[in-house]
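J.: structure of the sequence below:
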Amino acid sequence: MPMTGAYGAAGEAGSMATLHRAIDLGVTFLDTADMYGNGANERLLGRVLRERRSEVVLATKFGYHLGPAGERLGIRGDAAYVRQCCDNSLGRLGVEQIDLYYQHRVDPQTPIEETVGTMAELVTAGKVRYIGLSEAGTRTIRRAHAVHPISALQTEYSLWSRDPEEEILESVTAMGIGFVAYSPLGRGFLSGSFRAPEQFGEDDSRRRGPRFQGENFGANLEATDRLGEIAAEKGITSSQLALAWLLHGSSSIVPIPGTTSVRHLDENALAADIELSDADLARIEGAFPRGTTAGPRYGDMSEVGL
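T.: You can find the predicted model right below:
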């Protein structure tokens, strides 16, 4: 997502280099969406897939109804729109099949049975291998799973966004559904590299986020600094510690840290090799207990989905 402007301008050459480096490192799961850059993200990824399609599991998402300039017109999950979005994504990505196709957000005006039933038709047609949901509630997931097996749920989850622990994680685990944790570094905040709200440019969506403003920023920085102290003692970065914490939560949790930087990518990838003891996990919990993060995830609801 950051590769097509969500957090400010990103260079295409650097993004391409980062994607190729990810695959070289053994990263096998690449996740995009039709709304990222109004299709530009899928086209960018498609240029990499021309050479390396067989090396990755490819995921994309549909659901946001966008206007010609990328303006949000609502959420759609009706059958005609599902089919249209899938064909458009296949074309932009330049592939014959999407490995994992998610509904980006649930359409409250369309029964989930209709949406998932149509996604199941895409599986039968060979356009999609597996289907998933994003930010769906437990009841919706169960209804969807009764129509066709749901392979993955994508929802924000990190030390600073722990809402899934209330019910979702236990439910999807019981149903045998994988959990894809987006924004596992708190949109970069958990890296500890941001010290003031002014570091975010005018075109950076985080600048409008409640957690990145005023007193909330200060409170969240204090918690992140406590995390940084633990990381420093272990000789790793705050980002690596946050990712290692997620990876120790469950073997069914797959974090998807986004980056436009090869250096950050290399750093993130090393988190998979970090071992955390029970004592480490207890210290992390003490430094950053559930409910610590100040401010809601979203203020302007037009940012939902980023």
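J.: please identify the buried residues of stretch 288-296?
T.: When burial is assessed from 16 or more other CB atoms under 10 Å, stretch 288-296 yields the following buried residues: 288, 292-295. Every C-beta, even on glycine, is put in place using the N, C-alpha and C of the backbone.
J.: got it, and stretch 78-90?
T.: If you call a residue buried by 16+ other CB under 10 Å, then stretch 78-90 has these buried ones: 81-83, 85-86, 89-90.
J.: how about these in JSON lines, adding distance to Asp273?
T.: Compiled in JSON lines, these are given as follows (distance: CB to CB, whole Å):
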{"residue": "Tyr81", "distance to Asp273": "42"}
{"residue": "Val82", "distance to Asp273": "39"}
{"residue": "Arg83", "distance to Asp273": "42"}
{"residue": "Cys85", "distance to Asp273": "37"}
{"residue": "Cys86", "distance to Asp273": "37"}
{"residue": "Ser89", "distance to Asp273": "33"}
{"residue": "Leu90", "distance to Asp273": "35"}
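J.: closest to Ile236 among those?
T.: Of all the buried residues of stretch 78-90, the one with the least separation from Ile236 (CB to CB) is Ser89, at 36.7 Å.
J.: ok, that closest one - contacts?
T.: Contacts here follow CB atoms under 8 Å, 6 or more residues apart in numbering; on that basis Ser89 touches 34, 42, 60, 62, 98, 101.
J.: how far away is the fourth one from Ala242?
T.: It stands for Phe62. Distance, Phe62 to Ala242, using CB to CB, to the nearest Å: 29 Å.
J.: again, but for the second one
T.: Distance, Glu42 to Ala242, using CB to CB: 28 Å.
J.: which one of the two has more residues nearby?
T.: Of the pair Glu42 and Ala242, Ala242 is the one with more neighbours under other CB atoms under 10 Å, namely 29 against 26.
J.: so the more buried one is in which element?
T.: Here Ala242 is covered by helix 238-247, with elements defined by DSSP states H and E.
J.: in this protein, which spans are strands?
T.: Assigned strands in the chain, in chain order: 29-31, 57-62, 64-66, 72-75, 98-103, 128-134, 150-156, 178-182, 253-256 (criterion: DSSP state E).
J.: so can I have TSV of those showing mean neighbour count, distance to Glu202 and mean pLDDT?
T.: Formatted as TSV, these follow (neighbours: other CB atoms under 10 Å; distance: least, CB to CB, whole Å; pLDDT from 0 to 100):
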stretch	mean neighbour count	distance to Glu202	mean pLDDT
strand 29-31	19	27	96
strand 57-62	23	27	98
strand 64-66	17	22	90
strand 72-75	14	20	89
strand 98-103	24	30	98
strand 128-134	22	28	98
strand 150-156	22	24	97
strand 178-182	21	24	97
strand 253-256	20	27	95
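J.: of all those, which one is nearest Ile168?
T.: Counting by CB to CB, Ile168 lies closest to strand 150-156 out of those; the figure is 6.4 Å.
J.: where in this structure is pLDDT low?
T.: In the predicted model, the chain carries pLDDT under 70 at residues 5-9, 299-306.
J.: give the bridge partners for the residue nearest in space to the middle of it, please.
T.: Central residue of the chain (CA atoms, centre = their mean): Tyr182, 2.6 Å from the mean position. Here Tyr182 sits in beta bridges with Glu156, Ile256, going by DSSP bridges.
J.: quick one, the helix ranked longest in the chain and helix 238-247 angle?
T.: Assignment by DSSP state H gives helix 214-234 as the longest helix of the chain. Orientation note: helix 214-234 sits at an angle of 90 degrees relative to helix 238-247 (axes from the mean of the first three to the mean of the last three CA atoms, to 10 degrees).
J.: of the strands of the chain, which approaches Phe217 most closely?
T.: The closest approach between Phe217 and any of those, judged by CB to CB, belongs to strand 150-156 at 18.4 Å.
J.: so how far is that closest one from its chain's centroid?
T.: Shown here is strand 150-156, whose average C-alpha point lies 10 Å from the average C-alpha point of the whole chain (CA atoms, centre = their mean, to the nearest Å).
J.: cool, and stretch 128-135?
T.: Its chain's C-alpha centre and that of stretch 128-135 lie 13 Å apart, by CA atoms, centre = their mean.
J.: can you check stretch 49-57 too?
T.: For stretch 49-57, the distance from its own C-alpha centre to the chain's C-alpha centre is 20 Å (CA atoms, centre = their mean).
J.: pull the residues that contact it.
T.: When contacts are defined by CB under 8 Å, 6+ apart, stretch 49-57 is touched by residues 20, 23, 27-30, 58, 93-95, 99-100.
J.: now tabulate those in CSV and tack on distance to Ala69.
T.: Formatted as CSV, those follow (distance: CB to CB, whole Å):
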residue, distance to Ala69
His20, 31
Ile23, 32
Val27, 32
Thr28, 34
Phe29, 31
Leu30, 26
Leu58, 27
Leu93, 22
Gly94, 24
Val95, 26
Asp99, 30
Leu100, 28
